[in-house]
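Asks: how would this look folded up:
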Amino acid sequence: MSTPTTEVHNATQPQELSNGPAVTKQLIVQKFGGSSVADADGVKRVAKRVVDAQRAGNEVVVVVSAMGDTTDELLDLAAQVTDSAPAREMDMLLSAGERISMALLAMAINKLGASAQSFTGSQAGMITDGIHGKARIIDVDPHRIRTALDKGNIAIVAGFQGMSRATNEITTLGRGGSDTTAVALAAALEADVCEIYTDVDGIYTADPRVVPSAQKIDRISSEEMLELAASGAKILHLRCVEYARRFGVPLHVRSSFSQHEGTWVIPSAEDKITTQEGVALEQPIISGVAHDRSEAKVTVVGVPDIPGKAAAIFQVIADAHSNIDMIVQNVSTHGTGRTDISFTLPIVEGADALAALHAAQDQIGFESIEYNEQIGKLSLIGAGMRSHPGVSATFFKALSDAGININMISTSEIRISVVTHADLLDEAVRVIHKAFDLDSESEATVYGGTGR
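Replies: Alright, predicted model coming up:
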């Protein structure tokens, strides 16, 4: 991610979790996902929560996503019109969803007797590069937001969007871009905290829709949250966590449907947050299990096993603006001098990657390409893996005992990831969750339906 040129100072680290009103004046950035503002009643409920936060003595900036399934509905409409929509026009279309949300929320807040102003991403100073559909933030100039706050207004910002200074075009940040908008604004405004509101009570040890017995995590480091987000956990977007960690922004993930304390995501595992009883929260060996159905597996078959060929393949993928996750290269087949290289990438980027590879087939000299969308990725994450032997043995034995076959393996210091068949993924998540004693005696509450 490009570093914004706006000077940003670390936000104040929260020291105590409290359900009561703020004792001192804080600048709070609140982000509400699509399930929180899915309909008029949801907008009104969010408006009341926002107004309550301001009346408690806080300055409040709100970032909103499109209502409910609006983005998917707009994508469906575009597909009915054309199968090759220009990227610029798609950004113009999709950015409309958040603009609807921001205007309706501002209206609802004004109805409650508070004062609110809504801003598009460009009006809020979200400056991006010029890549449509997955733009990167390169600068944040929140002077209009600061002016609105100084006048006593609640500022409502459309998430997911910005403007390219080079082209003056509207851009969108890709899926989960509203999370990134919220954290970028929190950093630029030197906010005390960025609250991410969703349809569950916080971050859980697994998706509670797949594992109803998942436990809520009270505190997690941004390092572990980065691995969870990268591994498919829907609750926070990867770029959002990266941004928060870089600029020291504490995140508080909680439900917009309840007043329960949520999960604190803190920039460093060494930073301490204490409970109301004054007891430091323990760092578990395993933080959680994540899964991802959004990737496909590409196998480039019969690659000449000589220096430079792997580099050529991945340069082609990079030029197609595709992001690669896991990579496996097989041992060269005896007597042929050829090998197979497999990797995973987002399904939505599969078509472009395949087209680019086929165009470069003669130049690289591989024999064929195999493509499989029926895969699922399972990941186990925990900072305690560094100092606790036996985690890998428990992990692979649990999958073996359940008869779940593994296609690919990838690891880091605090993560083990495997690829298996999509039909086995949910069972694999439950098996691993139980194997590491993460199950709770009670079921998690899911208020909405998407996890965002």
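Asks: Any idea how many residues pack against Ile414?
Replies: 21 (other C-beta atoms under 10 Å). Where you see a C-beta, it was placed from the backbone N, CA and C, and this is true even at glycine.
Asks: hang on, I meant Leu75
Replies: Counted with other C-beta under 10 Å, Leu75 comes out at 15.
Asks: May I have the helix or strand harbouring it exported as PDB, CA atoms only?
Replies: Following DSSP states H and E, one finds Leu75 within helix 70-81. Coordinates of the C-alpha atoms in helix 70-81 are reproduced here as PDB (Å, rounded to 0.1, in the frame of the first residue of the first chain):
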ATOM      1  CA  THR A  70     -26.800  -2.900  -3.000                       C
ATOM      2  CA  THR A  71     -23.400  -3.400  -4.400                       C
ATOM      3  CA  ASP A  72     -24.200  -6.900  -5.600                       C
ATOM      4  CA  GLU A  73     -27.500  -5.700  -7.100                       C
ATOM      5  CA  LEU A  74     -25.600  -3.000  -9.000                       C
ATOM      6  CA  LEU A  75     -23.200  -5.600 -10.300                       C
ATOM      7  CA  ASP A  76     -26.100  -7.700 -11.400                       C
ATOM      8  CA  LEU A  77     -27.600  -4.800 -13.200                       C
ATOM      9  CA  ALA A  78     -24.400  -4.100 -15.000                       C
ATOM     10  CA  ALA A  79     -24.100  -7.700 -16.000                       C
ATOM     11  CA  GLN A  80     -27.600  -7.600 -17.600                       C
ATOM     12  CA  VAL A  81     -26.500  -4.600 -19.700                       C
END
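Asks: buried ones in that helix?
Replies: Within helix 70-81, the residues scored as buried using 16 or more other C-beta atoms under 10 Å are 70-71, 74.
Asks: Turn those into TSV, including pLDDT and distance to Val301.
Replies: Formatted as TSV, these follow (pLDDT from 0 to 100; distance: C-beta to C-beta, whole Å):
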residue	pLDDT	distance to Val301
Thr70	94	41
Thr71	92	36
Leu74	95	38
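Asks: ok, residues contacting the helix holding Leu75?
Replies: Under the criterion C-beta atoms under 8 Å, 6 or more residues apart in numbering, residues 34, 66, 85, 90, 93-94, 96-97, 100 lie in contact with helix 70-81.
Asks: Repeat that for stretch 412-423.
Replies: Contacts of stretch 412-423 (C-beta under 8 Å, 6+ apart): 223-224, 227, 231, 293, 297, 326, 344, 374-383, 385-386, 391-392, 395, 399, 404-411, 428.
Asks: And those residues, which of them are buried?
Replies: Applying 16+ other C-beta under 10 Å to the contacts of stretch 412-423 flags 223-224, 227, 231, 297, 326, 344, 375-383, 385, 391, 395, 399, 404, 407-408, 410, 428 as buried.
Asks: Quick check: which ranges of the stretch 101-250 of the chain have low pLDDT?
Replies: Counting by pLDDT under 70, the stretch 101-250 of the chain shows no low-confidence range.
Asks: ok now stretch 56-64, how far from the chain's centre?
Replies: The chain centre lies 22 Å from the centre of stretch 56-64; the measure is C-alpha atoms, centre = their mean, to the nearest Å.
Asks: Give me the buried positions along that stretch.
Replies: Using 16+ other C-beta under 10 Å as the burial criterion, the residues of stretch 56-64 that qualify are 58-64.
Asks: same deal with stretch 31-45?
Replies: 31-38, 42-45.
Asks: Stretch 250-265 too?
Replies: For stretch 250-265, burial by neighbour count (16+ other C-beta under 10 Å) applies to 250-257, 261-265.
Asks: Same list (the residues you listed) but as JSON lines, adding secondary structure.
Replies: Listed next are those as JSON lines, based on DSSP: H, G, I helix; E, B strand; the rest coil:
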{"residue": "Pro250", "secondary structure": "coil"}
{"residue": "Leu251", "secondary structure": "strand"}
{"residue": "His252", "secondary structure": "strand"}
{"residue": "Val253", "secondary structure": "strand"}
{"residue": "Arg254", "secondary structure": "strand"}
{"residue": "Ser255", "secondary structure": "strand"}
{"residue": "Ser256", "secondary structure": "coil"}
{"residue": "Phe257", "secondary structure": "coil"}
{"residue": "Glu261", "secondary structure": "coil"}
{"residue": "Gly262", "secondary structure": "coil"}
{"residue": "Thr263", "secondary structure": "strand"}
{"residue": "Trp264", "secondary structure": "strand"}
{"residue": "Val265", "secondary structure": "strand"}
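Asks: farthest-separated two in those?
Replies: By the measure C-beta to C-beta, Pro250 and Phe257 form the most distant pair in the buried residues of stretch 250-265, at 22.2 Å.
Asks: How is this protein divided into domains?
Replies: 27-274, 289-436 (the TED database).
Asks: quick revisit: of the buried residues of stretch 250-265, which is the nearest to Leu112?
Replies: Of those, the one sitting nearest to Leu112 (C-beta to C-beta) turns out to be Ser256, at 16.0 Å.
Asks: Please name the residues that touch the closest one.
Replies: Going by C-beta under 8 Å, 6+ apart, Ser256 touches 32-33, 36, 45-46, 49, 197-199, 447.
Asks: Let's see that with 6 Å instead.
Replies: 32, 36, 197 (C-beta atoms under 6 Å, 6 or more residues apart in numbering).
Asks: what's the closest non-adjacent residue to the first one?
Replies: Which is Phe32. Leaving aside its chain neighbours, Phe32 sits nearest to Tyr197 (4.8 Å; criterion: C-beta to C-beta, 6 or more residues apart in numbering).
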